[in-house]
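Trainee: Structure for this input, please:
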Amino acid sequence: MTIQIALALTAFAFVTSITPGPNNMMLMASGANFGLRRTIPHMLGVALGFGAMIALLGLGMDKVIADHPRFMQVLYLSSIIYVFWLAWKIATAAAPGGRAAGAAPMSFLQACAFQWVNPKAWAMALGALSAYATDRAGVALVVVIFVLVNLPSVAVWAVMGQRLGSWLQNPGRLMLFNRAMALLLVASMLPVILN
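Mentor: The predicted structure is shown next:
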């Protein structure tokens, strides 16, 4: 891979990682509701889980999936249902003082697993692999660049949420924020649904 192609891949990784999508909306809500420190496992799960997804797809899992179109239909429907369920959970989250017992941010493993039902992640992974990976070394480079670019990109969203946290101490503002994040999460699915 030439320097120019690596720079183009880095730009692609940055633009797709920093723009709004299901991961970023959930990280912003988590930062606001739980703070940055408690959101770190979620951030790491997004970055490393997405890297693992790219690696597995790039090493041939994409061909196995392509041979089973029913699986893709089930995955598509499951993705939409799961994201809508997450939006509902965000919209109905209680204020910090009234938070239900056991309320917690998404864990590392949950965030890793979420990549497999995140339509934006699928589009990003398949787009990057088809455009930038011609062999196993290319797949490895796509993984490394995405992990290195993705982690600070998603951290921006969690930090924005945390910064809003003090303003959101008011239960009414927090409720409005959570509902807005839920609506934005659903809106991030519209291109997938309408496509």
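Trainee: Just give me the neighbour total for Pro171.
Mentor: With neighbours defined by other CB atoms under 10 Å, the count for Pro171 comes to 13. All C-beta atoms are positioned from the backbone trio N, CA, C, and that covers glycine.
Trainee: residue closest to the middle of the protein?
Mentor: Nearest to the mean C-alpha position of the chain, counting by CA atoms, centre = their mean, stands Asn23 at 2.5 Å.
Trainee: Report the spatially closest residue to that one, excluding sequence-adjacent ones.
Mentor: Among residues not flanking Asn23 along the chain, Val46 sits closest, at 4.9 Å (CB to CB, 6 or more residues apart in numbering).
Trainee: The one you found contacts Val147, correct?
Mentor: No. Using CB atoms under 8 Å, Val46 is not in contact with Val147; the gap is 10.1 Å.
Trainee: The residue nearest to Asn23 is in what secondary structure piece?
Mentor: helix 36-56 (DSSP states H and E).
Trainee: where are the low-confidence patches of the chain?
Mentor: Scanning the chain with the threshold set as pLDDT under 70 gives 62, 65-66, 94-102, 191-192, 195.
Trainee: Not including adjacent chain positions, what is the nearest residue to Arg38?
Mentor: With sequence-adjacent residues excluded and distances taken as CB to CB, 6+ apart, Arg38 is closest to Pro105, at 5.2 Å.
Trainee: Pro119: neighbour count?
Mentor: Applying other CB under 10 Å, we find 20 residues neighbouring Pro119.
Trainee: ok, for Gly35, nearest residue in space, not its chain neighbours?
Mentor: Of all residues not flanking Gly35 in the chain, Gln162 sits nearest, at 5.7 Å (CB to CB, 6+ apart).
Trainee: ok, now how distant is Met106 from Ala6?
Mentor: Computed as CB to CB, to the nearest Å, the Met106 to Ala6 distance reads 31 Å.
Trainee: of the two, who's got more company?
Mentor: With neighbours defined as other CB under 10 Å, Met106 and Ala6 compare such that Met106 has more, 23 against 14.
Trainee: How many neighbouring residues does Met53 have?
Mentor: Met53 has 22 neighbours, counted by other CB under 10 Å.
Trainee: so it touches Val117, yeah?
Mentor: No. If you go by CB under 8 Å, Met53 and Val117 don't touch, sitting 10.7 Å apart.
Trainee: Flag every buried residue along the helix holding Val46.
Mentor: Residues of helix 36-56 classed as buried by neighbour count (16 or more other CB atoms under 10 Å): 36, 39, 41-56.
Trainee: Just give me the longest helix of this protein.
Mentor: For the chain, the helix with the greatest residue count under DSSP state H is helix 136-165.
Trainee: Could you check the angle the following helix or strand past it makes with helix 136-165?
Mentor: Using DSSP H and E, the helix or strand that follows helix 136-165 in sequence is helix 171-187. Counting by axes from the mean of the first three to the mean of the last three CA atoms, to 10 degrees, helix 171-187 lies at 150 degrees to helix 136-165.
Trainee: Cool, thanks, signing off.
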